[in-house]
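Trainee: I would like to see how this sequence folds:
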Amino acid sequence: MVVLNYGAGSYVVHIVGVDVPKDERIANQAKEFVSSLVLGKNARVRLASRLDNGELVCQLYTADPGAGIKDVGVELLRAGLAQRQQAEDYQLGYKYSELSVAQREARAAKRGVWTLAPPN
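Mentor: Alright, predicted model coming up:
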C-alpha cells in the first residue's frame, strides 16, 4: 500500500498484481524499495478498481529523471520483493506478460523471496 499526496488530499493505493511478502524482512525491503522509487517524485496511476473503503487498486508509475518511467509493481517483482497475484497478467491489466516475465527473472536470479526456503 502506498499513500499518494496530491496537495489537497491523498489517495491510498494498492499496487495491482502483487502480493505483499509474508516474510517481515522481505516486506521491509519492499517498503524501502517502493519508497526509493516514489518518495519525492511525480507518480501516475492507472486505475484498475476501487475497494469498498475507497482505496484504489492501480498500476503505479513513477517518473525518475535519470531512469525514466518505472512501473512500481513490475520493478517489485523483478527485484524479488513481492510475488505475482494468482491471475493471468491480462486480467491484471498487463497485455505483454510483464508481471510474469519480471517474476521469472527474479526467480531465476534467486532474488528476494526466491532466496527463502519453501514452506513445509
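
Trainee: going by C-alpha atoms from here, please, whenever you check contacts or count neighbours.
Mentor: Will do.

Trainee: next, count neighbours for residue 83.
Mentor: 25 (other CA atoms under 10 Å).

Trainee: bridging residues for it?
Mentor: Here residue 83 sits in beta bridges with residue 19, going by DSSP bridges.

Trainee: quick one: contacts for it?
Mentor: Residue 83 is in contact with 18-21, 77, 103, 113, counting by CA atoms under 8 Å, 6 or more residues apart in numbering.

Trainee: residue 33 now?
Mentor: By CA under 8 Å, 6+ apart, the residues touching residue 33 are residue 76.

Trainee: and the residue nearest the centre of the chain, what does it touch?
Mentor: Centroid-nearest residue in the chain, with CA atoms, centre = their mean: residue 73, separated by 2.5 Å. Residues in contact with residue 73 (CA under 8 Å, 6+ apart) are 15-18, 59-60, 99.

Trainee: reformat those as CSV; add distance to residue 93.
Mentor: Below are the contacts of residue 73 laid out as CSV (distance: CA to CA, whole Å):
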residue, distance to residue 93
15, 12
16, 8
17, 9
18, 12
59, 8
60, 12
99, 10
